[in-house]
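**Q** Please work out how this folds:
(one chain, ligands or ions: 1)
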Amino acid sequence: MDFKYVILGGGVSAGYAAREFVKQGVKPGELAIISKEAVAPYERPALSKAYLFPEAPARLPGFHVCVGSGGERLLPEWYSEKGIELILSTEIVKVDLASNTLTSAAGTTFKFDTLIVATGSAVIKLTDFGVQGAGSKNIFYLREIDDADELIEAIKAKKDGKAVIVGGGYIGLELAAVMKINNYNVTMVYPEPWCMPRLFTPEIAAFYEGYYANKGISIIKGTVAAGFEANANGEVTAVKLKDGRVLDADIVVVGVGARPLTTLLKGQVEEDKGGIKTDAFFKSSVPNVYAVGDVATFPMKMYNEIRRVEHVDHARKSAEQAVKVRFTFTLFLRSVDQQLLVV
Ligand SMILES: Cc1cc2nc3c(=O)[nH]c(=O)nc-3n(C[C@H](O)[C@H](O)[C@H](O)COP(=O)(O)OP(=O)(O)OC[C@H]3O[C@@H](n4cnc5c(N)ncnc54)[C@H](O)[C@@H]3O)c2cc1C
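**A** So this is what the prediction gives:
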């Protein structure tokens with residue numbers, strides 16, 4: 001378990017990084033991808049969209065990367081054909097940059113020369129804030145394919161029921177739409193004066209809110225979910241709002257944001273704005289460690305400041321950029337070595 005390159009995480013950026021490694025001529029046995037998920041890298045955005053459709057839903061292998069950007073679909077066989085070790089269902093619990101090792105939950109040790117951190121984000125849960133009843137069954141969050149599969153089971157079990165969507169960001173909006181398509185009676189709740197407040201102007205938000213209202217989705221603004229009621233089986237039955245209202249619910253989907261997964265690197269690399277600080281080539285403060293996708297805080301020319309970006313296109317492009325840079329550097333070192341040998 002000793003690799004020249006290891007990608008920690010098996011999501012969007014990992015898949016695009018793998019394709020770029022192959023383009024750059026990585027040799028069989030040099031690259032490993034280690035992922036907590038049980039499936040090869042896929043286009044995560046599908047999970048809140050066609051994956052949840054009641055008819056003709058998207059399913060793997062249909063949306064493995066890189067179809068989201070119109071590229072080749074990298075099936076699990078592709079990785080083996082290219083000699084890339086795809087190590088799935090394996091959670092890394094310790095990263096030690098002093099010894100260049102990763103340790104999995106099962107105790108396996110992986111060594112690397114270069115590490116690309118691509119761990120993405122974890123959802124913020126209402127249980128993190130001690131919201132009463134937030135641990136009840138049928139309260140869902142959406143990040144990985146297993147989360148989506150659990151939601152689909154509940155959608156079937158509570159057929160044509162009532163759904164409350166907590167949060168007015170893109171996850172909230174998409175989930176409200178998809179629950180409506182699944183014939184649920186849908187109510188959205190969020191504290192802001194309009195949906196997607198960080199991105200939408202009031203006018204753009206008004207268009208969407210009107211569109212949703214026309215589809216029969218109720219929107220309650222200016223308040224938050226303050227607690228949940230559950231039945232004897234522990235299943236959610238109602239959402240208690242801070243303003244005193246109570247909404248019946250068979251299913252609750254919460255989309256209140258995500259945090260970059262940087263904890264394994266804490267104290268070992270420089271961080272900024274909640275992410276791993278990198279240069280424009282996605283290299284961290286430790287020379288053989290790169291950070292890509294959601295976890296990278298990188299310089300953005302456009303705003304003339306460093307930022308973290310949770311966006312699928314950024315995940316794809318940062319991954320490709322990091323691999324190109326690492327490879328160019330390695331090839332440069334090889335050529336220097338060869339020239340020294342000649343001398
Ligand atoms: C439901 C949903 C819909 C979205 N829709 C859109 C959209 O429409 N447009 C858009 O621009 N963006 C969207 N996004 C955001 C976009 O998907 C992310 O920005 C992108 O996936 C980030 O890529 P990443 O590789 O950094 O992380 P991810 O794709 O999240 O991959 C991280 C991977 O690392 C693994 N991992 C984490 N920790 C460990 C560990 N300790 N050990 C092993 N493996 C680990 C995870 O299991 C996962 O496989 C959406 C996100 C979600 C959740």
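
**Q** CA only for contacts and neighbour counts going forward, please
**A** Noted.

**Q** Just want the residue of the stretch 101-250 of the chain that's nearest the ligand.
**A** At 3.2 Å from the ligand, residue 120 is the closest residue in the stretch 101-250 of the chain, using C-alpha to the nearest ligand atom.

**Q** So what's the residue count around that residue?
**A** 26 (other C-alpha atoms under 10 Å).

**Q** How about residue 109?
**A** Count around residue 109 with other C-alpha under 10 Å applied: 15.

**Q** Ok, the one 4 residues further on next?
**A** Burial of residue 113, expressed as a neighbour count using other C-alpha under 10 Å, amounts to 15.

**Q** That one: which element?
**A** Using DSSP states H and E, the element containing residue 113 is strand 109-117.

**Q** what does that strand rub up against?
**A** The contact list for strand 109-117 (C-alpha atoms under 8 Å, 6 or more residues apart in numbering) reads 1-9, 100-103, 288-292, 295.

**Q** Wait, the residue of the stretch 101-250 of the chain closest to the ligand touches residue 293, no?
**A** Yes. If you go by C-alpha atoms under 8 Å, residue 120 and residue 293 touch, sitting 6.4 Å apart.

**Q** Now do whichever strand or helix holds residue 95: which elements does it pack against?
**A** Under the criterion DSSP H and E, the helix or strand holding residue 95 is strand 92-96. Counting contacts by 3 or more C-alpha pairs under 8 Å, 6 or more residues apart in numbering; DSSP states H and E, strand 92-96 is packed against strand 101-104.

**Q** Pull the CA coordinates from the strand it packs on and hand them back as CSV.
**A** Extracted C-alpha coordinates of strand 101-104, given in CSV (Å, rounded to 0.1, in the frame of the first residue of the first chain):
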residue,chain,number,x,y,z
THR,A,101,1.0,8.0,5.8
LEU,A,102,-2.8,7.6,5.9
THR,A,103,-4.5,5.2,8.2
SER,A,104,-7.9,3.7,7.6
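
**Q** distance of residue 233 from residue 88?
**A** 33 Å (C-alpha to C-alpha, to the nearest Å).

**Q** Spit out the contact partners of residue 45.
**A** Neighbours of residue 45 in contact, by C-alpha under 8 Å, 6+ apart: residue 312.

**Q** how far away is it from the ligand?
**A** 3 Å (C-alpha to the nearest ligand atom, to the nearest Å).

**Q** Checking that residue next. Helix, strand or coil?
**A** When classified by DSSP: H, G, I helix; E, B strand; the rest coil, residue 45 comes out as helix.

**Q** And the average pLDDT for stretch 260-272 is what?
**A** If you average the pLDDT over stretch 260-272, you get 98.

**Q** if we can go back for a sec, identify each buried residue in the strand holding residue 113, please.
**A** Buried residues in strand 109-117, counting neighbours by 16 or more other C-alpha atoms under 10 Å, are found at 110-112, 114-117.

**Q** which of the contacts of strand 109-117 come close to the ligand?
**A** 8-9 (C-alpha under 6 Å from any ligand atom).

**Q** What's the PyMOL syntax to select whichever of the contacts of strand 109-117 are buried?
**A** In PyMOL, a selection of the buried entries from the contacts of strand 109-117 looks like this (16+ other C-alpha under 10 Å):
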select buried, resi 2+3+5+6+7+8+9+100+101+102+103+288+289+290+291+292+295
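
**Q** Alright, calling it a day.
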